[in-house]
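**Student:** Pasting the sequence and the predicted model now:
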2 protein chains.
Amino acid sequence: MSSTKNEQVLRDALEANGQRFTEQRAAVFGFLASTDTHPTADEVFLAVRRDLPAISLATVYKSLETLVGCGLAVKLTYADQSARYDGRTDPHHHARCISCGRVLDLLGDVSRHEIDGLHSPEGGFTVTGYRLELSGYCADCVPAGSDAPAA
Amino acid sequence: MSSTKNEQVLRDALEANGQRFTEQRAAVFGFLASTDTHPTADEVFLAVRRDLPAISLATVYKSLETLVGCGLAVKLTYADQSARYDGRTDPHHHARCISCGRVLDLLGDVSRHEIDGLHSPEGGFTVTGYRLELSGYCADCVPAGSDAPAA
DNA sequence: ATCCTTGCAAAGCATTTGCAGTCAC
DNA sequence: GTGACTGCAAATGCTTTGCAAGGAT
């Protein structure tokens, strides 16, 4: 996919939300679209600074929130209090390595039937979305002798 | 369930982990066991302070981490950067209200078969656990006219 | 020309840590 | 008595905000 096409996607999304196109936002968006590493804000900052040495961390945070607001990125939150951002917009799930913290994308999905099979004791909960996250060890961190099923 | 029984559970778990029984830990544990509201650390602090006016927030944090380490509580993390703690130790999932932030327990579970159906493109991911969380609107916050399925 | 966005620095918030006194065992 | 725990306060780390200068439409 060409960066030109990506830029147009960004321009359209920004315009639809009444916001302006800037090179900072383009750089953040471009980096997110180019990786599947689910970077933290700081990692985005370090990467984008290679192209825009003057960009500030605050701008990266603002740009990321703008992208999330436009539906061009998803924010993931983890227990180690470092949010990560995902540039993929299609529905998918994640697997997080307990050892190294890496976040992997998962193919496949659980069936809607399974989701509907869950009940709130109080009832009346209206489901608009869900998030599934596996935890375990990635290929590089598997403890020797483990025999748990692999995904 | 009597508080005496709960206290013994706590004593056993602490001893098994080489840690000591204190009234602060007992109060935190007792409060977690008595509620299904998935409180934040600050909420635990405010509640426990009714019984132990001198307890400090730092001790609450330390106690909560101790309980998590002993397997007596589970830590939940959300995007609004406020960790919540769950005193239930049996496997279950959560539904979070987008509007009021309340976290509800869900009955039921997705089948292991569904989990095994997910794949990492890189392969070799060893699954040790997973977390499923629905998002939507609780009974008190359902927008009028909504027709989404309820759980 | 308008008003949104940037970059800087300072503030904010949840959480953690260092340390002396205290307590459980 | 010994080592772990508490409480206080300061520190830490991530994220947000206020504001003047600069940039997009």
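**Tutor:** Perfect, I can see it now. Numbers count the residues shown, from 1 in each chain, chains lettered A, B, ... in the order given.
**Student:** looking at it, residue A:95 is touching residue B:125, isn't it?
**Tutor:** Yes: look at residue A:95 against residue B:125 with CB atoms under 8 Å: they come within range, at 5.1 Å. From N, CA and C alone the C-beta is placed, and that goes for glycine too.
**Student:** Show me whatever sits in contact with both of those two.
**Tutor:** Between them, residue A:95 and residue B:125 share these contacting residues under CB atoms under 8 Å, 6 or more residues apart in numbering or on different chains: A:104, A:134, A:136, A:138, A:151.
**Student:** Spit out the contact partners of the nearest residue to the fourth one once chain neighbours are set aside.
**Tutor:** Translated: residue A:138. Among residues not flanking residue A:138 along the chain, residue A:97 sits closest, at 4.0 Å (CB to CB, 6 or more residues apart in numbering or on different chains). Counting by CB under 8 Å, 6+ apart, residue A:97 makes contact with A:103-104, A:136-138, A:140-141, B:125.
**Student:** Domains in chain A, by residue range?
**Tutor:** With domains defined by automatic domain parsing, chain A comprises A:3-85, A:91-136.
**Student:** List the buried residues in the lowest-mean-pLDDT helix or strand in chain A.
**Tutor:** Counting by mean pLDDT, DSSP states H and E, the weakest-scoring helix or strand in chain A turns out to be helix A:112-116, with a mean of 73. Within helix A:112-116, the residues that count as buried by 16 or more other CB atoms under 10 Å in any protein chain shown are A:114-115.
**Student:** C-terminal to that helix, what's the next element?
**Tutor:** Next in sequence after helix A:112-116, counting helices and strands by DSSP states H and E, comes strand A:126-137.
**Student:** anything in that following strand sitting right up against chain B?
**Tutor:** Yes: under the criterion of CB under 8 Å from any CB of the partner chain, chain B is reached by strand A:126-137 at A:126-137.
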